[in-house]
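Novice: Based on what follows, work out the 3D shape:
(chains A and B)
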Amino acid sequence: MKSEALSQFTDIHYTITALFIFLVLFVGLTLWAYRKSGKALYEKMGEMPILEDLKDGRQ
Amino acid sequence: MSNHSPGTDTVTYDDDIVKKFIFAALLFGGVAFLVGVIVALQLAYWQFNFDTSWLTFGRLRPLHTNAAIFAFAGNIVFAGIYHSTQRLLKARMFSRALSCIHFWGWQLIIVAAAISLPLGLTTGKEYAELEWPIDIAITLIWVVFAINFFGTLAKRRVQHIYVAIWFYIATIVTVAVLHIVNSLALPVSMMKSYPVFAGIQDALVQWWYGHNAVAFFLTTPFLGLMYYYLPKAVQRPVYSYRLSIIHFWALVFMYIWAGPHHLLNTALPDWAQTLGMIFSVALWAPSWGGMINGLLTLRGAWDKLRTEPVVKFFVAAVTAYGMSTFEGPLLSIKSVSSLGHYTDWIVGHVHVGTLGWNGFMAFGISYYLLPRIWKTQLYSKSMATAHFWVATVGIVLYYISMLSAGITQGLMWRNIDSAGRLVYPDFVETVTKIIPLYQVRVVGGTLFLIGFLIMIYNLFKTAQTAAKDATDETVQVAFKGLPGVEGETGHRKLEGLVTAFTVLTLIAILIGSVLEILPTLNLDKYVAPASKVHPFSPLEIAGRDIYIREGCYVCHSQMIRKMPSDVLRFGEPSTIGESMYDHPFQWGSKRTGPDLSRVGKKYPSLWHFRHMIDPRSISEHSVMPNYPWLASQKVDFYSLRKKLSVLKALGVPYSDDVLGRADVIAEEEARVIAEELKGQGVEGKIEDKDIIALIAYLQALGQKGIKE
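Specialist: Below is the predicted model of the structure:
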């Protein structure tokens, strides 16, 4: 009954590896995104879609 | 391009291609919704199958899903991407020729799908039903789209790449990977192929694809559109650009793992189920981050929600996104899935996403874009508002009816009395109970369709007021280089960043794909089941292809879950080995009818014969269509040698003797079944008909695995 044994097969390493990779990336990303020096840039970036409308004074 | 003043260039946007894609989206949207109402009617009243092969539910349902996803949503995504990308990058599309090839190629693919699916030409893999020549065409057109898109990125006149573009990049890269891997198949003939994966491997690859089709065809591109059109509509920058960055990376990294939540409690190894469940639940966070980011963009502009129909559609769409991304993680919890899986709850869940999120985004974008492209005003705002309310009531009716139907039926299936017996042992009893809810769904779907028709009329009247001399929009951009970047080096550096970004995205989706799928693709290293499972006989293979052609898997599962109620009703839980030679796997995703994995030898062949011709003669309240053509259409015996040799090439152990005489063996098998039926009073020449092959297959289900 190898196949049945396999269906119970729990490879904890894959789960742990996956979670570890994700956690590290996620924390790193959050720290990077919220670093203080980025503020001005992000404000500028956020206005990109409506930049022309702002210039036109349509706001 | 002409120079207006020193140092500036005039860029003219290509809006003609945007218009074309919107028209196509609206045209095929109408088809998708209409077919949706028809299939909803068929479930409520079986007579609407009209005893006609190409009109039966099993063939129309794939047409409905393909039309909704790839024709309606696909075309609106392309329209939005072509429109917003040019403006965000301050550049005309890279190549007008590629734009046109992309447009016409995609429409040809849709037409090919609309013809081949009702004819029963299908791979039998949900949302990937199209046969191999169409799959190749999709790949080529997608590459054309990618070249056109990345070409535009390369000639952009802005320094920074707005977050919407990120979502488009993720879409293009991931859809390519998903489509190619899941479509890997060996052809038998021009319109028939067998996928290279089988059984559990096929199941995992299919749902890795299936769920990420939702993620990267119906979510990421629409999020990109949300990040562009919502700020445009309310004239406010997105609430938090930082949040959008986290939203993007978390979503791209996590979505790819979620596929196994479609296979909870099945024969899939537990670790893969758990992994899929955890990532699905975790997805709630970034999804709601995105929803909040979208909704809070309206801060200080909420009054527009009252006056602007476009904003109404966008806000309702983002809310629907929030609701379905809350319900999705909920349904991915193993115990919730044990109740909801195979029921209409899933169907309801999906439609909140497609009708609410994708549909309303598409409508909002259409109302926003077309008047602007035509340089005019929308003909009637009140008509658009009427559309909004009619469609919203439609969605609510649809969802509430399906949620009730799903939970009702799920609870009936699992109801076991104190003596350990099923309270509702007769499957059809659990179906008749929810038929009234199927009727409510027809009303809901019809309302959605009516709302859509109101929009078409409104847009038609708007078109009549279009400026006759409307020219394409232009913009003045810096002649050379990019703002804040000095010379060529800076430019190149940024182009390099796009590449780096694309590669990073690819890595993010590949991590999940590889870690989750690879161990299962190596299953054969752990199991040597050849000694335990027999492949299907030639006639059974012919019958199996008929089963796939008629879309039986759309309503019948072949996967008994490891749950008491499933085991009591259908028998021993399905094992990995039993489906190991199934190219493609037929585990199914919905039980409108009972599971069939152990139906073999349960009933006499005559039972099946009568049941296929007229299900009501066996089970009075059955909602299954009649299949009269199966008794008149002939089995294609001669293709069996080719079919079996392709299957053998894919690893199904057929002996050379069986391969060489496949058609002769099948004819002999058919003769035996036909003789038996004739002995029981069936008349006419039936030994060469489809129905005999299908009966052979059904009688073989659950009979091939040998217990040790």
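Novice: ok, which stretches of chain A are helices?
Specialist: Assigned by DSSP state H, the helices in chain A fall at A:2-7, A:12-33, A:39-46, A:51-55.
Novice: Turn the ones you listed into CSV, columns for distance to B:Val238, mean pLDDT and mean neighbour count.
Specialist: Bear in mind the C-beta positions are built from the backbone N, C-alpha and C, glycine included. Formatted as CSV, these follow (distance: least, C-beta to C-beta, whole Å; pLDDT from 0 to 100; neighbours: other C-beta atoms under 10 Å in any protein chain shown):
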stretch, distance to B:Val238, mean pLDDT, mean neighbour count
helix A:2-7, 46, 49, 17
helix A:12-33, 14, 81, 14
helix A:39-46, 5, 88, 15
helix A:51-55, 13, 73, 13
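Novice: got those as JSON lines, with distance to B:His247 columns?
Specialist: Formatted as JSON lines, these follow (distance: least, C-beta to C-beta, whole Å):
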{"stretch": "helix A:2-7", "distance to B:His247": "36"}
{"stretch": "helix A:12-33", "distance to B:His247": "10"}
{"stretch": "helix A:39-46", "distance to B:His247": "13"}
{"stretch": "helix A:51-55", "distance to B:His247": "22"}
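Novice: Show me the one of those helices that comes nearest B:Ile200.
Specialist: Distance to B:Ile200, taken as C-beta to C-beta, is lowest for helix A:2-7 among those, at 9.3 Å.
Novice: Now for B:Leu225: which residues touch it?
Specialist: Neighbour list for B:Leu225: B:77, B:80-81, B:84, B:164, B:361, B:365 [criterion: C-beta atoms under 8 Å, 6 or more residues apart in numbering or on different chains].
Novice: how much space between B:Gly7 and B:Leu539?
Specialist: Distance, B:Gly7 to B:Leu539, by C-beta to C-beta, to the nearest Å: 77 Å.
Novice: more neighbours, those two?
Specialist: B:Leu539 (29 against 11; other C-beta atoms under 10 Å in any protein chain shown).
Novice: I'd like the next helix or strand past the helix or strand containing the more buried one.
Specialist: Using DSSP states H and E, B:Leu539 sits in helix B:538-549. Using DSSP H and E, the helix or strand that follows helix B:538-549 in sequence is helix B:564-570.
Novice: Determine which of the helices of chain A approaches chain B most closely.
Specialist: Chain B lies closest to helix A:39-46 among those, at 3.7 Å (C-beta to the nearest C-beta).
Novice: packing partners for that closest one?
Specialist: Judged by 3 or more C-beta pairs under 8 Å, 6 or more residues apart in numbering or on different chains; DSSP states H and E, the packing partners of helix A:39-46 are helix B:241-255.
Novice: hang on, isn't B:Glu540 packed against B:Tyr697?
Specialist: Yes. Between B:Glu540 and B:Tyr697 there is a contact under C-beta atoms under 8 Å: 4.8 Å.
Novice: before we move on, the earlier item: show me the one of the helices of chain A that comes nearest B:Lys562.
Specialist: Closest among the helices of chain A, using C-beta to C-beta: helix A:2-7, at 8.4 Å.
Novice: Can you show me the strands along the stretch 201-350 of chain B?
Specialist: With DSSP state E, counting those that start in this stretch as the criterion, the stretch 201-350 of chain B has no strands.
Novice: where does it have low pLDDT?
Specialist: For the stretch 201-350 of chain B, no stretch is flagged by pLDDT under 70.
Novice: for the nearest residue to B:Val396 once chain neighbours are set aside, what are its contacts?
Specialist: Nearest in space to B:Val396, with sequence neighbours left out and distances taken as C-beta to C-beta, 6 or more residues apart in numbering or on different chains, is B:Gly444 at 7.4 Å. With contacts defined as C-beta under 8 Å, 6+ apart, B:Gly444 is in contact with B:393-399, B:401.
Novice: what's B:Gly444 sitting at in phi/psi?
Specialist: Main-chain torsions, B:Gly444, degrees, to the nearest 10: phi -60, psi -50.
Novice: Let me know the pLDDT of it.
Specialist: For B:Gly444, the pLDDT comes out at 98.
Novice: Next: the one 10 residues further on.
Specialist: B:Ile454 is assigned a predicted lDDT (pLDDT) of 98.
Novice: The one 4 residues further on now?
Specialist: Looking at B:Asn458, its pLDDT reads 98.
Novice: got the buried residues for the helix or strand hosting it?
Specialist: Using DSSP H and E, B:Asn458 sits within helix B:435-464. For helix B:435-464, a neighbour-count test (16 or more other C-beta atoms under 10 Å in any protein chain shown) marks B:437-438, B:440-452, B:454-455, B:458-459, B:462 as buried.
Novice: distance between it and the chain's centre?
Specialist: 22 Å (C-alpha atoms, centre = their mean, to the nearest Å).
Novice: Which other helices and strands does the next helix or strand after it contact?
Specialist: On the C-terminal side of helix B:435-464, the closest following helix or strand by DSSP H and E is strand B:474-478. Contacts defined by 3+ C-beta pairs under 8 Å, 6+ apart place strand B:474-478 against strand B:8-12.
Novice: So is the helix or strand just after the strand it packs on next to chain A?
Specialist: Per DSSP H and E, the first helix or strand lying C-terminal to strand B:8-12 is helix B:16-44. No. On the criterion C-beta under 8 Å from any C-beta of the partner chain, helix B:16-44 is out of touch with chain A, staying 15.8 Å away.
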